[in-house]
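**Q** this one's sequence-less:
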């Protein structure tokens, strides 16, 4: 069974009856390994569509969970259940619940590193006092405002005022939380979340290849969210110094936010500052300061170290990039595409009005960036299949567009792999308008193919 | 990806019931088991299918049964009719399955399990109705339809389903306004099955509850039975567990009764 991965959470959704006889068929170690390779920080099994389960069935999941958690520091558990299912699981495992239970996917998301600093008001209750504290601490660390109900009565009373809270949490349980370095994108900044003690293992936990390729595709500001870091040793310090040196070659900035030096020598801070790392107390000190963002490079990502050109190898694979894009958009819109023109030059966008864009980077045997510029109407149509209805909600369209570009990236990866070319893809980015895209790709040459879907013009641009 | 035109072409290509099968069904309809078995045994493929079906472990016979009149005698009129329709459904199945990891043996196993358990359910509900008994044979046609329409689009569908939990029925409906069970209804019409059959099948999708209480109740039992079977390792590994959405809320009021009947603990 395949998991759906979104916002750093991989969710498996078995349907029907779950017992000792079919647990392994629903969730094999290979399934879960494949999911953990997608840089998730949580792997959950949704019980929404499970009408019956017994302990033997859950035990099989537990065994697989244990292996992946040990190997990858991932939070594991169940979500999407009602009170009956929650109580049943608690009865099965009594005091040995070493996995997490989240009543809904949305509640799980509050505890994920990909949904930080959203400042959500969260009412929470658990009969277990230590659980109440643990959840409150995690939520607070994740940038939300937890409000703890100390008793069931207080919880019921407060729950009545639904408008006061963005989320209400009960029947949930925090097991061992993962400690992966989660990655999320905010505008032109990439935010990495680090925690606990930083030592030589940081080299294994941090995806250097992904970081380097984010530099390649134009990201210039990298923020380490270090509120939960207790201390670091000299190996970790050296690692960050090296990272800062390589970033300097691209005029990129590396910042630490919320790092406390209570248990880390102050000399480390001086060394890190010497290598170019900047320190801030709060995330908003950077993200809410437009001048500073500009200075740090997050509002303009165009000053690439080497403006690289499209090479022969990419041009020879160009038909595969176009095919993957066209086939996917055709699939999503149920319409035919017509190729209008193709050229190698700087991107040329005639009418910038009512257009949105998305990009995705790829790296490996080939590297570069694929950019797609959609008229809003095509984007809306292409997203209908995923959303299930027509929508004018721009945020929802952009969010769905990111999923669509992810599908295209996945298809490119598969098509190239059929020809023994191995590439990985970055997180997709979306742009509300064409100008914000042009800031990123200013001065870059690439292959531009103008396509039309039912007479709506659509631009494909491949660059490095 | 899949257009209304393609769906219509698929429906047009569905063959009507072959003459020999029509004749067999006609005799069965009149309760003439002997005459029906004479016609049936002249169709080697049907005879082979019936032999294979009743000798599956779920039917629980210790000795092999090979004589067609004996098979019809054991199955009775409703059971025989159901088996002939099961055979007709297999005529739609592909030579080689691509989308689902199935083969003829596994597909026949699913048909046998559904049929036998449907018989148990109808007995429990005190229902003796040939059309209702037969309706279960059309349910696996939904799998064949899905295979036929999506087999050439596996990569696209895999990528799509990799980013969004979306079942084949929903994909088809959003693309064309036609659902998998609507196509099953068309098949039942081509095969001149009773309207009762297509109504139960539509209700069993879990997405189109019937306004008729009895039909809806049967649809619920059939929906739950389908997912009971699709939770077997053989069918999960074939990729069938989530080919359509399981609607728990739709079957919640009959679940306890179902669990007791099927001895689930």
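**A** That came through, no problem. Model, not experiment: these values are computed from the prediction. Numbering: from 1, shown residues only, chains lettered A, B, ... in the order given.
**Q** Can you report how many residues lie near whichever residue of the stretch 201-350 of chain A sits closest to chain B?
**A** Per C-beta to the nearest C-beta, residue A:331 is where the stretch 201-350 of chain A lies closest to chain B, at 4.2 Å. Placement of C-beta: from N, CA and C, glycine included. Residue A:331 has 24 neighbours, counted by other C-beta atoms under 10 Å in any protein chain shown.
**Q** Which of the residues in whichever strand or helix holds it are classified as buried?
**A** Secondary structure from DSSP states H and E places residue A:331 in helix A:312-333. Using 16 or more other C-beta atoms under 10 Å in any protein chain shown as the test for burial, helix A:312-333 gives A:314, A:317-318, A:320-322, A:324-333.
**Q** low-confidence ranges in chain A?
**A** By pLDDT under 70, the weakly predicted segments of chain A are A:70-71, A:95, A:115-117, A:176-188, A:216-218, A:297-310.
**Q** List the buried residues in the strand of greatest length in it.
**A** Counting residues, the longest strand in chain A under DSSP state E turns out to be strand A:221-232. The neighbour-count check on strand A:221-232 (16+ other C-beta under 10 Å) flags A:221-229, A:231-232 as buried.
**Q** From chain A, how far off is residue B:54?
**A** 25 Å (C-beta to the nearest C-beta, to the nearest Å).
**Q** Chain B - how does it break down into domains?
**A** Using automatic domain parsing, the domain ranges for chain B come out as B:4-17+B:97-261, B:19-90.
**Q** would CSV of the ones you listed with mean pLDDT and mean neighbour count be doable?
**A** Formatted as CSV, the domains of chain B follow (pLDDT from 0 to 100; neighbours: other C-beta atoms under 10 Å in any protein chain shown):
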stretch, mean pLDDT, mean neighbour count
domain B:4-17+B:97-261, 90, 19
domain B:19-90, 89, 18
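**Q** Serialize those domains to a markdown table and add fields for distance to residue A:271.
**A** A markdown table is the format used below for the domains of chain B (distance: least, C-beta to C-beta, whole Å):
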| stretch | distance to residue A:271 |
| --- | --- |
| domain B:4-17+B:97-261 | 43 |
| domain B:19-90 | 72 |
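**Q** do you know which of the ones you listed lies nearest residue A:263?
**A** Comparison of the domains of chain B against residue A:263 by C-beta to C-beta identifies domain B:4-17+B:97-261 as nearest, at 41.8 Å.
**Q** got the buried residues for the helix or strand encompassing residue A:78?
**A** Assigning secondary structure by DSSP H and E places residue A:78 in strand A:75-79. For strand A:75-79, burial by neighbour count (16+ other C-beta under 10 Å) applies to A:75-79.
**Q** Ok, stretch A:439-456 next?
**A** Buried, per 16+ other C-beta under 10 Å, within stretch A:439-456: A:440-442, A:444-451, A:453, A:456.
**Q** which one of the residues you listed is nearest residue A:201?
**A** residue A:440 (33.3 Å).
**Q** Tell me which helix or strand that closest one sits in.
**A** Using DSSP H and E, residue A:440 falls in helix A:434-441.
**Q** for the chain, which helix is longest?
**A** The chain I'm using is chain A. Using DSSP state H to define each element, chain A has its longest helix at helix A:394-417.
**Q** I was after chain B.
**A** helix B:68-90.
**Q** ok, back up a step: when you scan the helix or strand that the helix holding residue A:331 is followed by, is anything in it near chain B?
**A** Note on helix A:312-333: by DSSP H and E, the next helix or strand toward the C-terminus is strand A:337-346. No - applying C-beta under 8 Å from any C-beta of the partner chain, one finds strand A:337-346 out of contact with chain B, separated by at least 13.0 Å.
**Q** distance between strand A:337-346 and the chain's centre?
**A** 32 Å (C-alpha atoms, centre = their mean, to the nearest Å).
**Q** What strands flank that strand, and is each parallel or antiparallel?
**A** According to DSSP bridges, strand A:337-346 forms sheet pairs with strand A:445-453 (antiparallel).
**Q** Name the residues that touch stretch B:43-61?
**A** Stretch B:43-61 has contacts (C-beta atoms under 8 Å, 6 or more residues apart in numbering or on different chains) with B:20-21, B:24, B:40-41, B:64-66, B:68, B:71, B:74-75, B:83-84, B:86-87, B:90, B:108-109, B:111-113, B:116.
**Q** returning to that earlier point: the helix holding residue A:331 - contacts with which helices or strands?
**A** Contact analysis of helix A:312-333 by 3 or more C-beta pairs under 8 Å, 6 or more residues apart in numbering or on different chains; DSSP states H and E lists strand A:337-346, strand A:368-375, helix A:376-387, helix A:394-417, strand A:445-453, strand A:456-463, helix B:154-163 as its packing neighbours.
**Q** tell me the most buried of the ones you listed?
**A** Of the helices and strands packed on helix A:312-333, the one with the most neighbours on average (mean count of other C-beta atoms under 10 Å in any protein chain shown) is strand A:368-375, at a mean of 24.
**Q** relative to helix A:376-387, how tilted is it?
**A** 110 degrees (axes from the mean of the first three to the mean of the last three C-alpha atoms, to 10 degrees).
**Q** Figure out how far strand A:368-375 is from the centre of its chain.
**A** Distance of strand A:368-375 from its chain centroid, counting by C-alpha atoms, centre = their mean, is 19 Å.
**Q** ok, that strand: who's next to it in the sheet?
**A** If you go by DSSP bridges, strand A:368-375 pairs up with strand A:355-364 (antiparallel), strand A:456-463 (antiparallel).
**Q** Just want the angle from the first one to helix A:434-441.
**A** What that stands for is strand A:355-364. 20 degrees.
**Q** how close does the closest residue to residue A:7 other than its chain neighbours get to residue A:32?
**A** Distances taken as C-beta to C-beta, 6 or more residues apart in numbering or on different chains place residue A:114 nearest to residue A:7, at 4.2 Å, with adjacent residues excluded. Plainly put, residue A:114 is 19 Å away from residue A:32 if you go by C-beta to C-beta, to the nearest Å.
**Q** more neighbours, the two?
**A** residue A:32 (25 against 20).
**Q** Buried residues, the host helix or strand of that one. List them.
**A** Using DSSP H and E, residue A:32 sits within helix A:29-36. Neighbour counts over helix A:29-36 (16+ other C-beta under 10 Å) mark A:31-32, A:35-36 as buried.
**Q** Pull the contacting residues for residue A:202.
**A** Applying C-beta under 8 Å, 6+ apart, the residues contacting residue A:202 are A:181, A:194, A:235-236, A:239.
**Q** Who are the contact partners of residue 42?
**A** No chain in the question, so chain A it is. Residue A:42 touches A:8-10, A:74-77, A:100, A:108, A:111-112, A:178, counting by C-beta under 8 Å, 6+ apart.
**Q** Oops, wrong one, chain B.
**A** residue B:20.
**Q** now it: how far from residue B:36?
**A** 11 Å.
**Q** now residue B:136
**A** Distance of residue B:136 to residue B:36, computed by C-beta to C-beta: 19 Å.
**Q** And for residue A:312?
**A** 71 Å.
**Q** cool, and residue B:186?
**A** Residue B:186 is 26 Å from residue B:36, by C-beta to C-beta.
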